[in-house]
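Engineer: Predicted structure and sequence below. I'll ask about it afterward.
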Amino acid sequence: MGKLLLILSIYLTAASLLTWSFVPRFLKLMIQLSSQTNELYQLAAVAFCLLSAWCSDKLGLSLELGSFVAGVMLSTTEFAQHTLEQVEPIRNLFAALFLSSIGMLINVHFLWNHVDILLASVILVIVVKTAIAAIVVKAFRYNIKISFHVGVLLAQIGEFAFVLLSRASNLHVIEGKMYLLLLGTTALSLVTTPLLFKLIPSAMNLGVILRWFPSENSSPNEEKASMIEVHNRTN
């Protein structure tokens with residue numbers, strides 16, 4: 001553990017130094033060289049991310065960590081928006097491959113045989129995450145309507161959970177049925193996200209009727225006052 005922490009510290013320190021010194025100059029040079037075509041810049045950005053992931057893996061860390069660090073390094077430069085625009089088609093391709101590979105890992109027969117546990121897990125995740133997010137937002141003195149809205153929007157499990165589950169499975173932290181159940185719970189929570197978005201207006205209207213939330217007439221003023229108050233506190 002001590003060795004890994006030392007390697008991680010060295011890796012992150014080197015990444016910070018490169019972000020400050022090398023990465024902006026490298027991206028600026030690529031922009032100048034690719035003034036007529038964008039292929040060179042796209043190739044350079046993808047190669048940089050792959051190189052970071054490869055270095056992280058060779059140091060005994062993980063490919064996921066190296067990819068994440070590369071993204072952070074690129075996003076902290078002044079060319080972040082330009083890089084995002086250039087690599088967005090490639091990003092969509094990788095995202096499609098990633099989600100397709102996740103879908104191939106899901107055991108539909110196992111999930112159907114344990115559908116009661118699966119549904120209970122998804123409902124528990126949605127309720128708990130909604131409550132936690134709403135409490136956190138409420139702690140910043142926003143009204144209950146905004147807090148509930150944010151809680152529902154953050155109720156699903158993020159896609160990064162697939163990466164964590166894969167890593168945990170490779171390290172034999174979780175195995176067998178638990179891995180399949182967590183995988184199915186994560187996928188189903190993401191599938192229910194569009195449904196939750198559509199149910200938000202109905203839930204808001206029901207909350208107003210039951211007097212859980214402020215009425216529509218008073219909510220804009222309250223929301224504006226909350227935003228001004230939070231802005232004043234942060235400044």
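Structural biologist: Alright, I've got the coordinates.

Engineer: Not counting its neighbours along the chain, what's nearest L111?
Structural biologist: G184 (4.4 Å; C-beta to C-beta, 6 or more residues apart in numbering). (Glycine included, C-beta is placed from N, CA and C.)

Engineer: give the contact list for the one you found.
Structural biologist: Residues counted as contacts of G184 (C-beta atoms under 8 Å, 6 or more residues apart in numbering) are I106, N107, F110, L111, L118.

Engineer: what about the first one, how many neighbours?
Structural biologist: Close neighbours of I106, defined as other C-beta atoms under 10 Å, add up to 14.

Engineer: Just want the phi and psi numbers for it.
Structural biologist: phi -70, psi 130 (degrees, to the nearest 10).

Engineer: from memory it sits against A187, does it?
Structural biologist: Yes - the pair I106 and A187 qualifies as a contact (C-beta atoms under 8 Å) at a distance of 6.0 Å.

Engineer: Tell me the residues that contact both of those two, please.
Structural biologist: Shared contacts of I106 and A187, counting by C-beta under 8 Å, 6+ apart, come down to nothing at all.

Engineer: re the thing from before, now the contacts of G184 as CSV including secondary structure and distance to I146?
Structural biologist: Shown next, in CSV, are these (DSSP: H, G, I helix; E, B strand; the rest coil; distance: C-beta to C-beta, whole Å):
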residue, secondary structure, distance to I146
I106, coil, 35
N107, coil, 39
F110, helix, 39
L111, helix, 35
L118, helix, 31
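
Engineer: Can you flag the buried ones in those residues?
Structural biologist: Among the contacts of G184, the ones that count as buried by 16 or more other C-beta atoms under 10 Å are L111, L118.

Engineer: Could you dump the contacts of G184 into CSV and include pLDDT and distance to L180?
Structural biologist: Below are the contacts of G184 laid out as CSV (pLDDT from 0 to 100; distance: C-beta to C-beta, whole Å):
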residue, pLDDT, distance to L180
I106, 82, 8
N107, 82, 5
F110, 85, 5
L111, 85, 7
L118, 89, 10
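
Engineer: and which of the contacts of G184 is nearest to G158?
Structural biologist: Using C-beta to C-beta, I106 comes nearest to G158 of the contacts of G184, at 17.0 Å.

Engineer: Could you check how far that closest one is from Y179?
Structural biologist: I106 is 11 Å from Y179, where distance means C-beta to C-beta, to the nearest Å.

Engineer: again with S202
Structural biologist: Counting by C-beta to C-beta - S202 and Y179 are separated by 35 Å.

Engineer: So if I had to pick from the two, which one is more boxed in?
Structural biologist: Legend: neighbour count by other C-beta under 10 Å for S202 and Y179, higher for Y179 (17 against 9).

Engineer: Roughly how far does that one sit from V125?
Structural biologist: Counting by C-beta to C-beta - Y179 and V125 are separated by 16 Å.

Engineer: Then T193?
Structural biologist: T193 is 12 Å from V125, by C-beta to C-beta.

Engineer: now do V108
Structural biologist: V108 is 20 Å from V125, by C-beta to C-beta.
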